[in-house]
Every structure is written in C-alpha cells, then in structure tokens.
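S.K.: what shape does this take:
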Amino acid sequence: MPSKLLIRQMELDDITAIREIENSSFPLPYSAGIWEKEKWNSLSRTLVVGEEKGNGALELWGYLNFWIILDEAEIHRIAVRKEYRRSGTAGMLLREMFEMLRDMEIASVHLEVRQSNHDAINLYEKFGFMLKGRRQGYYEETGEDALILEADVKMARQ
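M.R.: Predicted coordinates:
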C-alpha cells in the first residue's frame with residue numbers, strides 16, 4: 001500500500017470517481033444526484049479513501065456510505081475499485097467508521113448484504129458482525145435474499 005493513503009469525508013468533487021466505482025460494483029448504481037443528496041443529508045456520512053497526489057487531489061480507491069439515526073448506524077454502500085480489492089481498503093474504511101461511531105457513542109451498526117456475496121460476509125464477520133435476519137427477495141433485479149448483519153460498536157473487532 002502507498003504511504004500516502006488518506007481517509008476523509010466525501011467532497012462534491014469526489015462524486016465522479018465514486019460513480020465510476022459504483023457503476024462497476026452494483027447492478028443498480030446510485031446517480032450523481034443521489035450522491036449529492038447524501039453529501040447534504042445530515043444523517044449521512046460518506047468516507048472516501050485514496051492515494052494522495054502531489055497536487056492535493058485524491059485518487060479514490062473506495063468509499064463507505066452510512067447513516068446515523070439516534071444511537072444506531074446503517075451501512076448503505078461500501079465499494080472498492082476492482083484493482084484495489086483484497087488490499088485491506090474496505091477494512092480501513094470500516095475501522096475508520098467504527099472509530100467515528102465510538103466517538104459518537106453509537107451503540108450498533110447494521111447492514112444488508114446479498115446472501116451470495118461471501119467475500120463481503122467474511123469481511124463483515126471479521127469485524128464482529130453477526131447474522132440477525134433475512135429479507136427474502138430483497139434485491140429486485142435478481143430476487144436474491146439479503147442477510148441482515150449487525151455489530152455492537154463497542155465490541156467490534158479492529
């Protein structure tokens with residue numbers, strides 16, 4: 001990994017790169033308009049990670065979008081550019097999110113994941129997420145079930 005990898009909050013200028021990653025990661029990608037709304041939504045947080053370039057720009061490797069509602073958080077999106085998958089990038093984003101949530105005294109975080117996405121499930125389990133339920137036919141484009149995973153923020157593994 002490069003020594004100049006940085007995690008920060010999403011800026012509007014990041015949306016183009018986020019959409020590139022989004023389009024190659026999800027069958028129903030978010031539009032630029034949705035990402036712009038996420039930027040201004042008081043419940044939403046989007047972390048981006050990338051390599052710092054000499055001119056202060058960031059070459060985006062991935063992102064993590066989650067909402068905070070009262071004392072809970074919900075992960076909506078996490079994706080990493082194909083060439084950087086299995087590099088620890090998603091784990092960096094999750095560690096940063098858990099640190100933020102601890103500082104905010106958030107109790108738990110949950111998400112839905114495709115039952116066939118074994119790589120993601122394995123990653124989440126490494127961070128202490130546990131199966132809490134199933135949403136049958138949740139993904140409309142395939143009819144696939146979603147697994148509901150949840151982690152206790154204080155007990156999450158780093």
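S.K.: and the longest helix for the chain?
M.R.: For the chain, the longest helix by residue count, based on DSSP state H, is helix 89-103.
S.K.: what does that helix rub up against?
M.R.: Here helix 89-103 makes contact (CB atoms under 8 Å, 6 or more residues apart in numbering) with 5, 7, 45, 47, 49, 61-64, 66, 68, 73, 75, 78, 80, 109, 123, 126-127, 153-154, 156, 158. C-beta: built from backbone N, CA, C; applies to glycine.
S.K.: which of those fall in strands?
M.R.: Within the contacts of helix 89-103, residues falling in strands by DSSP state E are 5, 7, 45, 47, 49, 61-64, 66, 68, 73, 75, 78, 80, 109.
S.K.: and the furthest pair within those?
M.R.: Pairwise distances across the ones in strands among the contacts of helix 89-103 (CB to CB) peak at 24.6 Å, for the pair Leu5 and Ile68.
S.K.: next up, the contacts around Val153.
M.R.: Ala73, Phe98, Leu101, Arg102, Ile106, Ala107, Ser108, Val109.
S.K.: pretty sure the last one contacts Ile78?
M.R.: No: under the contact definition of CB atoms under 8 Å, Val109 does not touch Ile78, with a separation of 11.6 Å.
S.K.: which one's more surrounded, those two?
M.R.: Val109 (26 against 22; other CB atoms under 10 Å).
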